[in-house]
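*Asks:* build me a structure from this.
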Amino acid sequence: MELPVALIQTNAGPDADANVARAAQLTDIAAATGARLVALPEYLQYRGPDDGFRASAREIPGPFTEPFAEIARSRGCWVLVGSLAETSSDPRRPWNTSTLIGPDGTVTAWYRKIHLFDVAVDDGPVDVESARVMGGTEVVIAEVEGVRLGMSICYDLRFPELYRSLALGGAEILAVPSNFTERTGRDHWEVLLRARAIENGAWVIAPSQIGGPPGHPAYGHTMVIDPWGIVIAQAPDHEAIVYAVIDTDRVAAVRRQIPALANRRLDALRSG
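*Replies:* So this is what the prediction gives:
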């Protein structure tokens, strides 16, 4: 089957209400063109100092998902709200949550980011995401019009075992909403996205932020990648909407030709 998709590339700042309003405006434009699935990036509600991030946390469903739910209802489409800060039991550490909203406006799935960005890159970002975010614990596969969608967020991209688990669970599309840093993105972003597509024979949709706070720019380069690893759509270096048509028959065709999922030798890999 064919699934028209639109990926939103945003440049969120420290005004949460304005960021959500702008993201919703772009979502409505994308849905009006006929996209059946509109996907947004990570941290779409806020980028700035940690205290502001914590203050931006809301319940899900809640005031920051409702604008997207209204668009889903009015346009009859699916919306992947890439990630928002979701209130948790710890006010200092909300979850980083990706939310899938169905055409009736209800939340059909949500994924809380498992792998948190605790890094120190020479001449690059130094971050401890776990100091402001509570890590998730569950792998999530959702359905969009009968197509199985594996959910992930940004830094998860560096952990191939997560995507193998999603593929083995039947995921045909792997979603990677991100706020990938410019310093690491220029060397790793496309390579990692294409690797996840190739090794799992799956489509990859990766809506990303661009720009951002001084000293912490995001790489952008929102992409759609087919199961053979070919980049079929990519955003320019500014706020944008990227359109593509996902042909899910390609998943079965690629997995038939290169049956990496079936050819695994776990018996040889297990340690004594």
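*Asks:* any idea what residue 241 is bridged to?
*Replies:* Bridge pairing for residue 241 (DSSP bridges) gives the partners residue 8.
*Asks:* test my guess that it contacts residue 25.
*Replies:* No - counting by Cβ atoms under 8 Å, residue 241 sits too far from residue 25 to count as a contact (10.7 Å). From N, CA and C alone the C-beta is placed, and that goes for glycine too.
*Asks:* okay, these two: which has more neighbours?
*Replies:* A direct count of neighbours by other Cβ atoms under 10 Å for residue 241 and residue 25 places residue 241 higher, at 19 against 13.
*Asks:* roughly how far apart are residue 121 and residue 102?
*Replies:* Using Cβ to Cβ, to the nearest Å, we find residue 121 at a distance of 38 Å from residue 102.
*Asks:* between the two, which has more neighbouring residues?
*Replies:* Neighbours were tallied for residue 121 and for residue 102 using other Cβ under 10 Å; the higher tally belongs to residue 102 (20 against 11).
*Asks:* that one is in contact with residue 72, isn't it?
*Replies:* Yes - contact between residue 102 and residue 72 holds when scored by Cβ under 8 Å: they sit 6.5 Å apart.
*Asks:* quickly list what's touching both of the two.
*Replies:* With contacts defined as Cβ atoms under 8 Å, 6 or more residues apart in numbering, the residues adjacent to both residue 102 and residue 72 are residue 78.
*Asks:* residue boundaries of the strands in the stretch 51-200 of the chain?
*Replies:* Counting by DSSP state E, counting those that start in this stretch, the stretch 51-200 of the chain has these strands, from start to end: 78-86, 95-101, 107-112, 118-120, 126-128, 141-144, 147-151, 173-175.
*Asks:* export the ones you listed to JSON lines and tack on distance to residue 232 and mean pLDDT?
*Replies:* Formatted as JSON lines, these follow (distance: least, Cβ to Cβ, whole Å; pLDDT from 0 to 100):
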{"stretch": "strand 78-86", "distance to residue 232": "18", "mean pLDDT": "98"}
{"stretch": "strand 95-101", "distance to residue 232": "22", "mean pLDDT": "98"}
{"stretch": "strand 107-112", "distance to residue 232": "24", "mean pLDDT": "98"}
{"stretch": "strand 118-120", "distance to residue 232": "30", "mean pLDDT": "88"}
{"stretch": "strand 126-128", "distance to residue 232": "31", "mean pLDDT": "84"}
{"stretch": "strand 141-144", "distance to residue 232": "18", "mean pLDDT": "98"}
{"stretch": "strand 147-151", "distance to residue 232": "17", "mean pLDDT": "98"}
{"stretch": "strand 173-175", "distance to residue 232": "13", "mean pLDDT": "99"}
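*Asks:* centroid residue for the protein?
*Replies:* The centroid of the chain falls nearest to residue 177 when counting by Cα atoms, centre = their mean (1.9 Å).
*Asks:* how about stretch 152-166: buried residues?
*Replies:* When neighbours are counted by 16 or more other Cβ atoms under 10 Å, the buried residues of stretch 152-166 are found to be 152-157, 162-164, 166.
*Asks:* partner strands of the lowest-mean-pLDDT helix or strand in the chain, parallel or antiparallel?
*Replies:* None of the helices or strands of the chain scores lower by mean pLDDT, DSSP states H and E than strand 126-128, at a mean of 84. According to DSSP bridges, strand 126-128 forms sheet pairs with strand 118-120 (antiparallel).
*Asks:* alright, I will stop here.
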